[in-house]
Each structure stands twice: as structure tokens, then as C-alpha cells.
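Undergrad: Pasting a predicted model and its sequence here:
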Amino acid sequence: MATQKVKKLLSNSAIFAIGNLGSKIITFLMVPLFTKYLSTAEFGTVDLITTTVNMLSPIVALSIADAVFRFMMDDESDAQATFTTGIMFTVFVSLILLLIYPILRIFQVSYAGYMIMYLILVIIQALLQNFIRAIGYTKLFAFNGIFSTVIMASVGYYLIAVLGQGVNGYFLAMIASAAGSIFLISVGAKVWNFLFLNKFNLELLITFLKYSIPLIPNAFMWFFTNDASRFFIVAIVGLSANGLYAVANKIPTIINVFYNIFTQAWQISAVEEYQSNPKSKFFSKVLNANVALSMISLSGLLLILKPLMRVFVAPSFYEAWKLVPLLLVAAVFANFSSFIGTMYLAIKRTRDIMSSTIYGMIANILFNSILIPKFGVQGAGIGAVLGFLLVVIIRYRNIQQYLFLKVNINQLLISMSGITLMMGVNYSMQPGLKSFSLLLIIALAEFIINFRALKVLNKVENNRI
């Protein structure tokens with residue numbers, strides 16, 4: 001019989017799964033459309049700009065959305081003061097961004113208008129999403145994911161496939177999606193019931209910023225650890241190569257979808273568990289279940305990788321499959337590091353989270369500068385694996401001083417050995433019955449090895465050490 005806290009974690013995960021899976025399936029199905037109507041260079045341009053916006057959003061908003069979520073979870077929190085203070089600060093930042101637009105026009109920055117508008121909508125959307133998740137509107141949060149993605153898909157199809165607007169159509173679809181999301185959350189949660197101008201609290205804002213400001217350099221450095229490879233690829237290999245890299249990154253998104261479902265629920269459980277029992281073994285059980293699910297998902301994707309890419313992308317993008325295996329491993333390590341990072345947020349040790357990201361950033365920049373000129377785009381995948389692995393090791397060792405966390409190292413090493421074998425089969429053998437049989441045998445072994453950790457999670461007790 002699962003304990004109450006496991007039930008809550010799984011229940012929240014199921015709710016978030018509905019929204020995330022629905023939205024990501026739609027996004028996944030739209031990739032063949034985008035690769036059909038956009039060239040590799042155009043797709044590379046879109047990916048580069050959206051990556052830049054995603055990098056800038058937590059920086060320009062000073063990560064205030066993270067502070068609103070975390071402090072809203074405290075028992076003594078004032079929902080009206082928290083929301084009003086957070087949203088007013090976000091609106092102030094948005095006005096500053098509008099003033100920057102004429103400067104970008106002077107320097108003839110491409111797609112400057114789209115970038116500014118999308119960036120403003122993204123930071124407002126992030127604030128609203130974090131707030132409704134903290135106050136328990138999990139179903140609205142989940143449905144919002146599907147709703148905004150449907151807008152993106154329908155508007156994108158009309159503008160790109162029907163009207164042939166290419167890159168402009170893609171950006172307009174993203175803007176429409178973010179705007180629709182903001183509208184749905186505002187109406188669904190009746191956020192005006194939480195907005196009172198006289199509730200703005202400067203002292204509370206300062207408290208928020210003390211928590212969130214250390215996350216700003218962390219967010220920027222995380223970008224270098226995670227996404228800076230795109231700029232190296234564009235500079236060294238070209239936009240078309242970045243287009244292939246961007247498409248290859250869509251496959252690891254499948255793993256990220258399931259992890260994001262889990263982490264949205266885990267953030268809530270981690271805060272509650274730490275407040276009640278900092279030394280609980282619950283953290284370790286969930287970590288090992290996380291490892292198990294990641295290994296099973298990774299082996300499953302490597303099993304069907306080549307046939308999936310045959311039907312998933314246009315023929316001109318098929319060669320991107322060669323980049324996928326390493327990017328899958330990098331995505332798994334990135335998720336492990338984010339899992340531990342969530343614990344730092346739960347214990348409000350945001351300064352401690354930064355040092356590991358610094359090392360990861362430096363490592364990734366060095367790896368990219370050395371490996372991409374030598375191995376081309378594949379070097380970016382190698383660099384990502386090594387960079388995220390370093391972050392995982394540093395965070396795992398550091399977090400031990402605050403709470404109990406122990407990974408099943410034998411399970412992890414055996415699983416990664418199997419994953420390495422599957423990568424070798426994919427790279428060395430042509431698609432066929434023999435290669436598929438080998439991959440299937442290894443994938444089944446991965447499932448057997450890791451299923452045990454999932455069963456253990458179901459029996460976790462509220463132990464103290």
C-alpha cells in the first residue's frame with residue numbers, strides 16, 4: 001500500500017501528465033509539418049531565436065515566478081500579497097522591455113518585434129502558471145498546456161502551410177499560443193480576485209528577490225550548459241547544421257515531457273516533505289525511481305529510433321538520427337541534475353545551486369569549443385553529456401549536507417552499460433531483424449533491471465535516519 005505522500009505525488013503527476021502529454025503529442029505531430037514547409041536554415045533560425053528568448057525570460061524577470069511559487073507554498077503565505085507583488089513587478093519589467101524595442105530596431109535586429117512581444121508574454125505566462133500551481137489549480141495548469149498547444153498548432157498550420165508565411169508564421173503562432181494561455185489562466189483562476197494594488201508589498205518583493213536573484217546567474221549559466229552549443233554550431237558549422245541539431249533535439253523532448261510531468265508534481269512534494277522531515281528516505285526512493293523510469297524510457301527510444309525518424313521528419317532531416325543517442329543521454333543527465341536542483345529550491349538554498357552550474361557552464365563551453373571543430377555537430381552531443389554529468393556529480397555530493405540522498409549506483413552503472421550497447425548497435429548495424437532483435441533483448445533487460453526500483457517506491461515509509 002502506497003503511503004499518502006506517494007499517492008499525492010502520483011496523483012499530481014497524473015494530472016500534469018494529461019496536460020503535458022496532450023500538448024507534447026500535438027507538438028510532436030507538428031514537427032513533420034514544420035520540416036516540410038521550413039528549410040533546415042529556417043528551422044535553425046527559429047530554434048536559435050526561441051532558445052534565446054527562453055534563456056532571457058528568467059533573467060529579465062529576475063526569476064520572480066520561482067519565488068512566487070516557493071513562497072506561496074508556505075503555510076503562512078498571503079495569496080493576494082504574493083500574487084499582486086509578483087504580477088506588478090512582472091508588468092514593470094514588461095514596460096522596460098517595450099522601451100528597449102526601438103533600440104533593437106536601430107541596430108536592425110532580425111525579428112526584434114516578435115522577440116520582445118513573445119518575451120513579455122512568456123514572463124507573464126510563467127508567473128501565472130507558477131501561481132496557480134502553488135494554490136492548487138493543478139487541473140487548470142494541466143489543461144492550459146493542451147489549450148495553448150492547440151492554438152500553436154492550428155495557428156501555425158494556417159500561417160505556415162496555408163498562407164506560406166514561414167518563419168514569421170511560426171513566431172505569430174507562438175505569440176498567439178502564449179496570449180491564449182494567459183487568457184485561459186486569468187479567467188479560469190479568476191486572478192482578479194487575488195489582485196489588489198494596495199496589497200503590493202515592497203518588503204515582500206525584496207524577500208522574493210533575495211531568493212530569486214541567485215537563480216538569475218544560474219539560469220544564464222544553465223543556458224550555456226544546455227543551449228549554448230547552438231551558437232557554436234551556427235558559428236562553426238552553419239544554420240543548416242543547427243536545423244538538424246534542433247530536429248534531433250525533438251526526440252529527447254519525449255523523455256523531457258515525462259520528466260517535466262514528474263517534476264511539476266515533485267516540486268510540490270519536495271517542499272512539503274522537507275518541511276515535515278528533512279531526513280526522510282523518501283528523497284532517495286524517488287531519485288532511484290526517477291533513474292529507473294529514465295533508463296526504461298531511454299532504452300525504449302533507442303529501440304525504435306531509426307524507424308521513428310523515418311516517419312517523423314522529412315527525408316532531408318533523416319540524418320539527424322545520428323545526433324539523437326547522445327542527446328538522449330544528455331537529456332537524462334540534465335533531468336537528474338534538475339531533480340537535485342529542485343531540492344535546493346525546496347530548502348531555499350538558491351545560492352548553493354549556482355556553483356555546480358558554473359562548473360557545468362565552463363565545462364560545456366570548453367567541450368563545445370574543442371569537440372565541435374573536431375567532430376562537427378556530434379561534438380555538441382558529447383559536450384552536453386559530459387557537461388551535465390559533471391553537474392549531476394557536483395550537486396549529488398553537495399546536497400548530502402542538507403538531506404539524505406542515496407542513489408543505487410549498481411543499478412545506474414548496469415543500466416548505462418546497456419544503454420551504451422544499444423547506442424553501439426544503432427551506430428554499427430543497418431536496420432533489420434538482427435539489429436532490432438539485439439536492441440529488443442537489451443531493452444527488455446533494462447526494463448527488468450529497473451522495474452524493481454519502481455516497486456520499492458510503492459512501499460516507501462516515512463522513515464527518519
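TA: Sure, I can see it.

Undergrad: if I pick residue 359, what's in contact with it?
TA: Contact partners of residue 359, counting by C-beta atoms under 8 Å, 6 or more residues apart in numbering, are 390-391, 394. All C-beta spots, glycine's among them, are computed from the backbone N, C-alpha and C.

Undergrad: for residue 391, same thing?
TA: 225, 333, 337, 356-357, 359-360.

Undergrad: and it, what element?
TA: For residue 391, the host element (DSSP states H and E) is helix 377-399.

Undergrad: could I get that helix in CSV with only the CA atoms?
TA: Backbone C-alpha positions of helix 377-399 (Å, rounded to 0.1, in the frame of the first residue of the first chain) are rendered in CSV as follows:
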residue,chain,number,x,y,z
VAL,A,377,27.6,18.7,-34.7
GLN,A,378,28.2,15.3,-32.9
GLY,A,379,30.7,17.1,-30.7
ALA,A,380,27.9,19.2,-29.3
GLY,A,381,26.2,16.0,-28.1
ILE,A,382,29.4,14.7,-26.5
GLY,A,383,29.9,18.0,-24.8
ALA,A,384,26.3,18.1,-23.5
VAL,A,385,26.7,14.6,-21.9
LEU,A,386,29.9,15.4,-20.2
GLY,A,387,28.7,18.8,-19.0
PHE,A,388,25.5,17.6,-17.4
LEU,A,389,27.3,14.6,-15.9
LEU,A,390,29.6,16.9,-14.1
VAL,A,391,26.7,19.0,-12.8
VAL,A,392,25.0,15.8,-11.5
ILE,A,393,28.1,14.6,-9.6
ILE,A,394,28.7,18.0,-8.0
ARG,A,395,25.1,18.5,-6.9
TYR,A,396,24.7,15.0,-5.7
ARG,A,397,27.7,15.3,-3.4
ASN,A,398,26.8,18.8,-2.2
ILE,A,399,23.2,18.1,-1.3
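
Undergrad: What average pLDDT does it get?
TA: For helix 377-399, mean pLDDT rounds to 87.

Undergrad: May I see the buried residues of the helix or strand just after it?
TA: Next helix or strand after helix 377-399 toward the C-terminus (DSSP H and E): helix 409-428. Under the neighbour-count criterion of 16 or more other C-beta atoms under 10 Å, helix 409-428 has 411-412, 414-416, 418-419, 421-423, 425-426 buried.

Undergrad: In contact with the nearest residue to residue 407 once chain neighbours are set aside, which residues?
TA: Closest residue in space to residue 407, ignoring its immediate chain neighbours: residue 287 at 5.9 Å, by C-beta to C-beta, 6 or more residues apart in numbering. Residue 287 sits next to 339, 405-407 when contact means C-beta under 8 Å, 6+ apart.

Undergrad: Now the helix or strand harbouring residue 287: buried residues?
TA: Assigned by DSSP H and E, residue 287 falls within helix 282-312. Within helix 282-312, the residues that count as buried by 16+ other C-beta under 10 Å are 282-299, 301-303, 305-306, 309, 312.

Undergrad: got the angle between it and helix 377-399?
TA: Interaxial angle, helix 282-312 versus helix 377-399 (axes from the mean of the first three to the mean of the last three C-alpha atoms, to 10 degrees): 170 degrees.

Undergrad: tell me what the helix or strand following helix 282-312 is packed against?
TA: Per DSSP H and E, the first helix or strand lying C-terminal to helix 282-312 is helix 324-346. Packing partners of helix 324-346 (3 or more C-beta pairs under 8 Å, 6 or more residues apart in numbering; DSSP states H and E): helix 64-72, helix 252-276, helix 282-312, helix 350-375, helix 377-399, helix 409-428.

Undergrad: Please export the C-alpha coordinates of helix 324-346 as CSV.
TA: C-alpha atoms of helix 324-346 as CSV (Å, rounded to 0.1, in the frame of the first residue of the first chain):
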residue,chain,number,x,y,z
VAL,A,324,19.9,11.7,-31.2
PRO,A,325,21.5,8.9,-29.0
LEU,A,326,24.0,11.3,-27.3
LEU,A,327,21.3,14.0,-26.9
LEU,A,328,19.1,11.4,-25.2
VAL,A,329,21.8,10.6,-22.7
ALA,A,330,22.4,14.3,-22.1
ALA,A,331,18.7,14.9,-21.5
VAL,A,332,18.6,12.1,-18.9
PHE,A,333,21.6,13.6,-17.0
ALA,A,334,20.1,17.1,-17.3
ASN,A,335,16.9,15.7,-15.7
PHE,A,336,18.9,14.2,-12.9
SER,A,337,20.6,17.5,-12.2
SER,A,338,17.2,19.3,-12.2
PHE,A,339,15.8,16.7,-9.8
ILE,A,340,18.5,17.6,-7.3
GLY,A,341,18.2,21.3,-8.1
THR,A,342,14.5,21.1,-7.1
MET,A,343,15.7,20.1,-3.6
TYR,A,344,17.8,23.2,-3.3
LEU,A,345,14.7,25.3,-4.2
ALA,A,346,12.7,23.4,-1.5
